[in-house]
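>>> Give me a model of this one.
(chains A and B)
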Amino acid sequence: NAGVTQTPKFQVLKTGQSMTLQCAQDMNHEYMSWYRQDPGMGLRLIHYSVGAGITDQGEVPNGYNVSRSTTEDFPLRLLSAAPSQTSVYFCASNPGQGNTGELFFGEGSRLTVL
Amino acid sequence: EDQVTQSPEALRLQEGESSSLNCSYTVSGLRGLFWYRQDPGKGPEFLFTLYSAGEEKEKERLKATLTKKESFLHITAPKPEDSATYLCAVQAYGTSYGKLTFGQGTILTVHP
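Residues are numbered from 1 along each chain as shown, chains lettered A, B, ... in the order given. Got it, this is the predicted structure:
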């Protein structure tokens, strides 16, 4: 049982490049979300999903795109990378109804945009 | 808009020196308040969920308490392995389970 797996762990991009951060969970969790963590800012929600085929925007969605074609996978796409997107990105999942509401986090993906 | 403010930003303790971390929050209707621990280079790890004022939860040297406006994480006789960043987060009623509002965290360092 691997939990939440994120790839890659580290990535360097040039301004304007696009890329996809991968997230997969093997716990059959209904809810998945993406957060970014910046020094002094805490974790901020980018996008989230309440099930396959259903996504919605969080607090800081601009410049990011998501889709949820399966329960297991929730990739985050950077359309045209900007230096302001330099951050550590965390994917998280939650079982849904009837639980404590805790999030299960991946190990993070550290992105640098030059 | 939901808001979470944690204090202090950083706390240095000697081993065995008990203290508390504060989490002040404003939320339209509290479904749950969460405490997480985050080690350097790792994802946050769940510690506690508190649902209503007066509730307390304990785990080893940690005890979390909740009032209508704030939560405290009390650390009793800390050890160096308790060094980490502690994050507080809230979830409002009517929002998705994946949607939490986090504070900026308190960096705890425990010296031997």
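
>>> CA atoms for contacts and neighbours, from now on please.
Will do.

>>> Those residues of chain B touching chain A, which are they?
Contact residues (CA under 8 Å from any CA of the partner chain) of chain B with chain A: B:32, B:34, B:41-46, B:49, B:96-105.

>>> what about 7 Å?
Within chain B, the residues that sit near chain A (CA under 7 Å from any CA of the partner chain) are B:42-44, B:46, B:49, B:97-98, B:102-105.

>>> which among those residues gets closest to residue A:52?
residue B:98 (13.8 Å; CA to CA).

>>> hang on, isn't that closest one packed against residue A:94?
Yes. If you go by CA atoms under 7 Å, residue B:98 and residue A:94 touch, sitting 6.4 Å apart.

>>> what do these two both touch?
The contact sets of residue B:98 and residue A:94 overlap at A:31-32 (CA atoms under 7 Å, 6 or more residues apart in numbering or on different chains).

>>> picking up where we left off before, now list the buried members of the residues of chain B next to chain A.
Buried residues within the residues of chain B next to chain A, defined by neighbour count using 16 or more other CA atoms under 10 Å in any protein chain shown: B:43-44, B:46, B:49, B:97-98, B:102-105.

>>> Below-threshold pLDDT in chain A: ranges please.
A:1, A:98-100 (pLDDT under 70).

>>> Looking at it, which residue is nearest chain B?
Nearest to chain B, among the residues of chain A, is residue A:42, at 3.8 Å (CA to the nearest CA).

>>> Without its sequence neighbours, what residue ends up closest to residue A:93?
Closest residue to residue A:93 apart from its sequence neighbours, by CA to CA, 6 or more residues apart in numbering or on different chains: residue A:32 at 4.2 Å.

>>> gap between the helix or strand containing that neighbour and the chain center?
Element membership of residue A:32 [criterion: DSSP states H and E] is strand A:31-38. Its chain's average C-alpha position is 5 Å from that of strand A:31-38, according to CA atoms, centre = their mean, to the nearest Å.

>>> Likewise for stretch B:44-55?
In terms of CA atoms, centre = their mean, the gap separating the centre of stretch B:44-55 from the centre of its chain is 8 Å.

>>> Check stretch A:10-17 too.
In terms of CA atoms, centre = their mean, the centre of stretch A:10-17 is set 17 Å apart from its chain centre.

>>> still on that earlier bit, spit out the contact partners of the residue of chain A closest to chain B.
So residue A:42 contacts B:102-105 (CA under 7 Å, 6+ apart).

>>> what do you get for residue A:41?
For residue A:41, the contacting residues are residue B:104, by CA under 7 Å, 6+ apart.

>>> Setting the sequence-adjacent residues aside, check what's closest to the residue in chain B positioned nearest to chain A.
Scanning chain B for the residue nearest chain A gives residue B:104, at 3.8 Å (criterion: CA to the nearest CA). Among residues not flanking residue B:104 along the chain, residue A:42 sits closest, at 3.8 Å (CA to CA, 6+ apart).
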